[in-house]
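[1] could you work out the structure for the sequence below:
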Amino acid sequence: MAKSSNRHETGKKVTTRSRFGSHSDMVLDPTSAEPWPKLEYNEVVCKDDEGYYITLTSRLDTGLADPNRYSTNKRIELIEYEQGD
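    A predicted model of the protein is given here:
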């Protein structure tokens, strides 16, 4: 029997509402980071524990896993602005 290549990371903290789904509270405001990517009308940028990624608005708050959250080609680099008082 072959060994599985999937490894579970024990003790990894998740600061979002779920490990797999995308939620509306993860969506970034376009004025909060740069360089802002060009998005289609139904796309948003979300932030999770691993960084930033682009997903579809139809994937938000569905209770289902979002494949864009774990896709390496949907991950992007952004510099988030400091929150000023």
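
[2] show me where this structure has strands.
    All strands of the chain, identified by DSSP state E, fall at 33-34, 43-48, 51-56, 75-76, 79-80.

[3] and the first one, what does it pack onto?
    Right, the one you point to is strand 33-34. Counting by 3 or more Cβ pairs under 8 Å, 6 or more residues apart in numbering; DSSP states H and E, the packing neighbours recorded for strand 33-34 are strand 79-80. Every C-beta, even on glycine, is put in place using the N, C-alpha and C of the backbone.

[4] on that earlier part again, with mean pLDDT, mean neighbour count and distance to Ser18 as added columns, please give the strands of the chain in JSON lines.
    Below are the strands of the chain laid out as JSON lines (pLDDT from 0 to 100; neighbours: other Cβ atoms under 10 Å; distance: least, Cβ to Cβ, whole Å):
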{"stretch": "strand 33-34", "mean pLDDT": "90", "mean neighbour count": "14", "distance to Ser18": "23"}
{"stretch": "strand 43-48", "mean pLDDT": "94", "mean neighbour count": "19", "distance to Ser18": "10"}
{"stretch": "strand 51-56", "mean pLDDT": "94", "mean neighbour count": "17", "distance to Ser18": "14"}
{"stretch": "strand 75-76", "mean pLDDT": "92", "mean neighbour count": "14", "distance to Ser18": "18"}
{"stretch": "strand 79-80", "mean pLDDT": "87", "mean neighbour count": "10", "distance to Ser18": "22"}
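
[5] those: which one's closest to Pro67?
    Closest to Pro67 of those is strand 51-56 (Cβ to Cβ; 8.8 Å).
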